[in-house]
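*Asks:* Requesting a structural model of the entry that follows:
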Amino acid sequence: MAMIHVNRGATSLGAFPEEEVHEGLRTGRFVPTDLGWREGMANWQ
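*Replies:* Below is the predicted model of the structure:
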């Protein structure tokens, strides 16, 4: 499974499995303004 790297502002929150990122968005661990990147992506989104 691909790992998604998550940043909040200039701070790296780490790399997480996609399922954990989805769960984190549901629970508030991650917020919609956090940026994510995984291998193959041109830019952070």
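*Asks:* ok, Glu19 to Thr11 distance?
*Replies:* Separation of Glu19 from Thr11 (Cβ to Cβ, to the nearest Å) stands at 22 Å. Glycine gets a C-beta too; all of them are placed from N, C-alpha and C.
*Asks:* oh, I was asking about Arg29
*Replies:* 14 Å.
*Asks:* neighbour count winner among those two?
*Replies:* When neighbours are counted by other Cβ atoms under 10 Å, Arg29 and Thr11 differ, and Arg29 comes out ahead with 14 against 8.
*Asks:* secondary structure class for the closest residue to the more buried one other than its chain neighbours?
*Replies:* Spatial nearest neighbour of Arg29, chain neighbours left out: Glu23 (7.7 Å); criterion: Cβ to Cβ, 6 or more residues apart in numbering. Under DSSP: H, G, I helix; E, B strand; the rest coil, the three-state class of Glu23 is helix.
*Asks:* For burial, what's the neighbour tally of Glu23?
*Replies:* 13.
*Asks:* got it, and the one 3 residues further on?
*Replies:* Neighbours of Arg26 under the rule other Cβ under 10 Å: 9.
*Asks:* For the helix or strand hosting it, list the C-alpha coordinates in CSV.
*Replies:* Under the criterion of DSSP states H and E, Arg26 resides in helix 18-27. Presented in CSV, the C-alpha positions along helix 18-27 are these (Å, rounded to 0.1, in the frame of the first residue of the first chain):
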residue,chain,number,x,y,z
GLU,A,18,-4.0,5.8,2.8
GLU,A,19,-6.6,4.2,5.1
GLU,A,20,-5.1,5.9,8.1
VAL,A,21,-5.3,9.3,6.4
HIS,A,22,-9.0,8.7,5.6
GLU,A,23,-9.6,7.8,9.2
GLY,A,24,-7.6,10.8,10.4
LEU,A,25,-9.7,13.1,8.3
ARG,A,26,-12.9,11.6,9.8
THR,A,27,-11.7,11.9,13.4
